[in-house]
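Trainee: predicted model, plus sequence, below.
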There are 2 protein chains.
Amino acid sequence: MDDGQATAVLGALAQETRLQILRFLVGRGSKGASAGEIGAAVGAASSRASFHLSSLSQAGLVSSERKSRCVIYRAELDALGAVLKHLVQDCCRGDGRLVSACAGGQVPPRRTFSFLGD
Amino acid sequence: MDDGQATAVLGALAQETRLQILRFLVGRGSKGASAGEIGAAVGAASSRASFHLSSLSQAGLVSSERKSRCVIYRAELDALGAVLKHLVQDCCRGDGRLVSACAGGQVPPRRTFSFLGD
DNA sequence: TCCATATTTCAATATCACTTGAGGTGTTGA
DNA sequence: TCAACACCTCAAGTGATATTGAAATATGGA
């Protein structure tokens, strides 16, 4: 992954409606949800939900599948995982506090032994 | 952390110049770097570097300290850790693949047995 | 075929972000 | 005090993105 791809995915996440959509879809798991359900769940008009869903889809964060009349969307976490890996490992040198934060731990204050250098 | 704060930090990261600045500053560790050095390192004019640094600073991703003529910037990873935690734990329910991706592992496909081919 | 449902596309508008260059503030040393 | 330096702020131009409502497309059933 390069910085350009990473910023594209980060940009897709940097919007409250889209973050809500992602959370909702992760909660639905492999069952997914139709565009209409998603819009209702996040309080967005249908055209607005469609706009944000296509944004997420382009970033690879959701997949879509037509099912009769409805289009079912599902969260796809591979792209998010790749971006997190890029951020933590490539941009931030695998900083241990970031890794433990991802795992649900606190972000502890930095305790540096400065004589050892950075 | 709420979605509004998270999207603010994500928005700050969703820009290539700023991602480059963050990477550069993480590499410098506690030594930090002056605005001039940073601008030169990422190939940005001084006003542009200043603009992006203030953006990162507002998001809490860098701190600044005046040192004589120069302003020294340092990466501050606490805000990033909090956002990663919000993303992985709150939005994505602590998904194990995301946690392992942050730790540097692959983002494994959901299918365990791949010998069946595609 | 016709109609209702589900979703997307389009156009118009508003808002926000990025870049550039000019000019301003603050600091240092002659 | 003056000049050189480091950095920031401002305004203008440009482009991207968000929102809304209306219209268009696709699907399934009467």
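Mentor: Now that the structure is in, tell me what you want to look at.
Trainee: does DNA strand C sit close to stretch A:66-73?
Mentor: Yes: applying CB under 7 Å from any atom of the strand, one finds that stretch A:66-73 is in contact with DNA strand C at A:69-71. (C-beta placed from N, C-alpha, C; glycine too.)
Trainee: buried among the residues you listed? Need that as a selection in ChimeraX.
Mentor: In ChimeraX, this line selects whichever of those come out buried by 16 or more other CB atoms under 10 Å in any protein chain shown:
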select /A:71
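Trainee: most centrally placed residue in chain A?
Mentor: residue A:80 (4.9 Å; CA atoms, centre = their mean).
Trainee: in this structure it contacts residue B:97, no?
Mentor: No: counting by CB atoms under 8 Å, residue A:80 does not reach residue B:97; the two are 9.2 Å apart.
Trainee: outside of the helix or strand in which residue A:81 is found, which residues touch it?
Mentor: Residue A:81 belongs to helix A:77-85 when elements are defined using DSSP states H and E. Around helix A:77-85, the neighbours that count as contacts under CB atoms under 8 Å, 6 or more residues apart in numbering or on different chains are A:1, A:5-6, A:9-10, A:13, A:26, A:59-61, A:102, B:84, B:87-88, B:92, B:95, B:97-98, B:101-102, B:104-105, B:107, B:109.
Trainee: any idea how far residue A:88 lies from chain B?
Mentor: To chain B, residue A:88 is 5 Å away according to CB to the nearest CB, to the nearest Å.
Trainee: surely that residue touches residue A:103?
Mentor: No: using CB under 8 Å, residue A:88 makes no contact with residue A:103, being 11.1 Å away.
Trainee: those two: which is more packed in?
Mentor: residue A:88 (26 against 18; other CB atoms under 10 Å in any protein chain shown).
Trainee: looking at this, that one is in a helix?
Mentor: Yes: the assignment for residue A:88, made by DSSP: H, G, I helix; E, B strand; the rest coil, places it in a helix.
Trainee: which regions of chain A sit below the pLDDT cut-off?
Mentor: Within chain A, the stretches with pLDDT under 70 are A:107-118.
Trainee: get me the contact residues on it for DNA strand D.
Mentor: A:11, A:15, A:17-18, A:44-48, A:51-52, A:55, A:66, A:68-69.
Trainee: burial of residue A:31, as a residue count?
Mentor: Residues near residue A:31, counting by other CB under 10 Å, number 9.
Trainee: residues touching it, list them.
Mentor: residue A:74.
Trainee: one more: residue A:19?
Mentor: With CB under 8 Å, 6+ apart, residue A:19 has these contacts: A:13, B:3, B:6-7, B:91.
Trainee: that one in helix, strand or coil?
Mentor: On the basis of three-state DSSP, residue A:19 is classed as helix.
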